[in-house]
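> All I have is the shape, not the residue letters:
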């Protein structure tokens, strides 16, 4: 029973991060119909931002070796700020790698390449500045909170509970915003049909920016949370999440917000269920799901059916 | 035996009944028209015949054999060619290449001959090009042979699509609003062109068009669709005077 | 220029062609590194584990390399035939994602299997040549053959069918083109090219591991084609040569080189959405050459 609960918590907390990550993909996909391959780099940046905002020092490598910010913030403040920083970068990314293609009416698939180019720049910029070593956000950052708490007899790391809570909060806030607010509805309209939305007086360009901003924020926060619960394993550590995020995205359905959440939780739980002696294959779980889903039901669990107009 | 027989065909898209129990029989050699207001189901019927949309009920027979459920390339190979209402040309290809793609089923050559460019291969390829050029000149497009299809005028693009459809040497040609976007004199030419093509290529033509005078002047027989149902069938004279047609389509004017 | 870099550039061009083939019929498949990895693994395993092939000789026999190529082609071809039937029902971004998943699954499996050497991979792959010069010859011949095949393909019936599918799959089917088989042909050819290239690369690199066929490779090879152009085979060849050389050529700028590389990938599609090499480019060049080649009327008269 305790083992099961432990498993459940492990799976859900990892799944929550996947969900946050995939939501960013799905928001951008719903308005532009493309995948932002720099999303993993934004996630990575969020983790580094968090690390430096809480007063972390740059290691021995990189141009900024040994430096640190003149102040240090508590984690609860550093995390949202890191999210805002990541959102700002995502907005810049939209401006440089996506908008020019849209303005020229180029093939949207080209955004795969431009966003990847931007991702390569970001990742290598991080490496240049702060080196390739891994950083970890000390658990002491959580100050008064105990390292682990006991729920129904199972010992669960506080970080995991925190992670689950923050992710849950963000997911709820996002769905309230999408379904309840004017701009949320406008976003849905743009994802339905950008041209018609424009004719109805919705500023599509603005909604695309909002989608990028939120997507960057969510990725940044997810990065910070992973940095806290695991570690920041160097500038490339977002790429793995970026790929698994694709699995989550497809499983839930491209462009579907609840789908991204469901997909994230399913894959998180499924990974947690992989027995220890097969742990090497854990990374294949998301892709296995992805592949099967595409064959059985390409629109994903909660996506709309794909149809071509004659 | 009719060339094409549509029996009791119905198509449902979700809650929408696009076609309901439609019956038609197209005889070899005739020009058969489909009239009807927008949304009457004419293009849906074309899509069913050409294998792009599956019928929810009923069946389609080609020379007596059922062809429903066949993929569209198989139907094309039987000798049924079509054009599209919103033009579906290969826009990055030249006019010549568009027609050469239309000749696809007749251009098969052994792969080895193609790799080694044997004399037979070259001869066959140049024959194909010759045929394509002839078709282009029939439609007055020979001077544009090397231009990209995307750069043509609207009327020329319509004509190119017809040329491409004819390249497969079909027995039945489905034309979906071939006169759309053409000016009156172009429409007149089109009428003669369709007749000429029918005679020269020994074709049967099934045509959708909104321009009523053109249809009455061109078609041997007509069927009128409204809300997915066939409401009239007969010669232009019969259809012109059919009360149901006057009511539904001509809006009461005689 | 270093000879080794030249070999890498030629291998890059071959991989570019492998991505190009499906893309020419509108199919964005990122499976190339997977088939490349399979080819490399086949070569690494055969040449290190089967002494009869001649790993004990002073130079590994070329005939054995050719045999590895044939086996790699057979394996990747059969695999592509089966997988292609399944994944090619997907379109656009869905196909791209499905092929990324295939490559990742393959990578994870290779990483965990005993006989592929796990994370470390396979070392000491025997050398058929004394230096990189031999590899230049081998890859040049291979590239020439693949280019010739692509050129013939483009100028004949299947090539026209592929271009038609890229422009409008539905209209292509209405012309009697078996779109499923045509796409499958392109996919299988792409796998063959990647597999055979993997064989040469494994010998050239002397060792082989799972990392060589990862997602980075998927995207880099795609960049070859997008950058070079996907309308004629010259595009990916040019893109593969240039983008493989670029990080090396940028070595003088030191740590900035990968940043510059990223910037090139970012900016390329913005300014050259069709890639650098397009058929139009050739038409323009051709016209100019014709104009300057035709002698003026006054000249040539006594």
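Received it, and whenever you're ready, just let me know what you need. Here the structure is a predicted model, which is why all the values come from computation and not from measurement.

> So for the most centrally placed residue in chain B, what's the nearest residue that isn't a sequence neighbour?
The centroid of chain B falls nearest to residue B:174 when counting by C-alpha atoms, centre = their mean (1.9 Å). Excluding the flanking residues, the one nearest residue B:174 by C-beta to C-beta, 6 or more residues apart in numbering or on different chains is residue B:82, at 3.8 Å. C-betas here are computed from N, CA, C, even on glycine.

> which neighbours does the helix or strand hosting the residue nearest to the centre of chain B have in its sheet, and in what orientation?
Here residue B:174 sits within strand B:172-176, counting by DSSP states H and E. In the sheet, strand B:172-176 lines up against strand B:80-82 (parallel), strand B:204-208 (parallel) (DSSP bridges).

> orientation of the host helix or strand of residue B:187 relative to strand B:172-176 in degrees?
Secondary structure assigned from DSSP H and E places residue B:187 in helix B:184-200. Angle, helix B:184-200 to strand B:172-176, by axes from the mean of the first three to the mean of the last three C-alpha atoms, to 10 degrees: 170 degrees.

> which residues touch helix B:184-200?
B:29, B:31, B:138-139, B:155, B:162, B:166, B:173, B:175, B:178-179, B:182, B:203-205, B:207, B:211, B:214, B:217-218 (C-beta atoms under 8 Å, 6 or more residues apart in numbering or on different chains).

> Swap in 10 Å and give it another go.
By C-beta atoms under 10 Å, 6 or more residues apart in numbering or on different chains, the residues outside helix B:184-200 that reach it are B:29-31, B:138-140, B:153-156, B:158-159, B:162-163, B:165-166, B:173, B:175, B:178-180, B:182-183, B:203-205, B:207, B:209, B:211, B:213-215, B:217-220.

> So what's the gap between it and the chain middle?
14 Å (C-alpha atoms, centre = their mean, to the nearest Å).

> same question, stretch C:238-249
14 Å.

> Now do the buried residues in that stretch.
C:238, C:239, C:240, C:241, C:242, C:243, C:244, C:245, C:246 (16 or more other C-beta atoms under 10 Å in any protein chain shown).

> buried residues in the strand holding residue B:174?
The neighbour-count check on strand B:172-176 (16+ other C-beta under 10 Å) flags B:172, B:173, B:174, B:175, B:176 as buried.

> now the residues you listed as TSV including distance to residue C:49?
Formatted as TSV, those follow (distance: C-beta to C-beta, whole Å):
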residue	distance to residue C:49
B:172	61
B:173	62
B:174	61
B:175	64
B:176	62
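
> where does the chain dip in pLDDT?
I went with chain A, as the question did not name one. Scanning chain A for pLDDT under 70 picks out A:1-2, A:139-140, A:143-144, A:305-310.

> meant chain C actually
Ranges of chain C meeting pLDDT under 70: C:1, C:293-302.

> Could you list the residues of it in contact with chain B?
Counting by C-beta under 10 Å from any C-beta of the partner chain, chain C comes close to chain B at C:148-149, C:152-153, C:155-161, C:163-182, C:231, C:274, C:279-280, C:283.

> which of these count as buried?
Buried among the residues of chain C next to chain B (16+ other C-beta under 10 Å): C:149, C:152-153, C:156-161, C:163-180, C:182, C:231, C:274, C:279.

> In helices, which of these fall?
Secondary structure from DSSP state H places C:149, C:152-153, C:157-161, C:163-167, C:169-174, C:179-180, C:182, C:279 of these in helices.

> doesn't residue B:18 fall inside a strand?
Yes: counting by DSSP: H, G, I helix; E, B strand; the rest coil, residue B:18 falls inside a strand.

> how about it, what does it touch?
Residue B:18 is in contact with B:10-12, B:39-41, B:43-45, B:47-48, B:53, B:56, B:227-228, counting by C-beta under 10 Å, 6+ apart.

> one more time with 8 Å
By C-beta under 8 Å, 6+ apart, residue B:18 lies in contact with B:11, B:12, B:41, B:44, B:228.

> swap in residue A:89?
A:42, A:45, A:122, A:216.

> of these, closest to residue C:54?
Relative to residue C:54, the closest of the contacts of residue A:89 is residue A:122; by C-beta to C-beta it sits at 47.4 Å.

> Now the closest one: closest residue in space, sequence neighbours ignored.
residue A:41 (4.0 Å).

> just residue A:23 next, same as before
Closest to residue A:23 by C-beta to C-beta, 6+ apart is residue A:260, at 4.7 Å.

> Okay, that neighbour and chain C: tell me how far apart.
Using C-beta to the nearest C-beta, to the nearest Å, residue A:260 is found at 14 Å from chain C.

> List the residues that contact that residue.
Residue A:260 neighbours (C-beta under 8 Å, 6+ apart): A:19, A:22, A:23, A:25, A:26, A:248, A:249, A:252.

> Report the buried residues of stretch A:62-78.
For stretch A:62-78, using 16+ other C-beta under 10 Å, the buried residues are A:62, A:73, A:75, A:78.

> Now look at the helix or strand where residue C:6 lies and say if it contacts chain A.
Per DSSP H and E: residue C:6 is located in helix C:3-24. No: Helix C:3-24 stays out of contact with chain A when judged by C-beta under 8 Å from any C-beta of the partner chain, the minimum separation being 9.6 Å.

> Now do the contacts for the closest residue to residue A:175 other than its chain neighbours.
Distance criterion C-beta to C-beta, 6+ apart; nearest residue to residue A:175, sequence neighbours excluded, is residue A:257 at 6.4 Å. Residues near residue A:257 by C-beta under 8 Å, 6+ apart: A:23, A:26, A:27, A:30, A:174, A:175, A:178.
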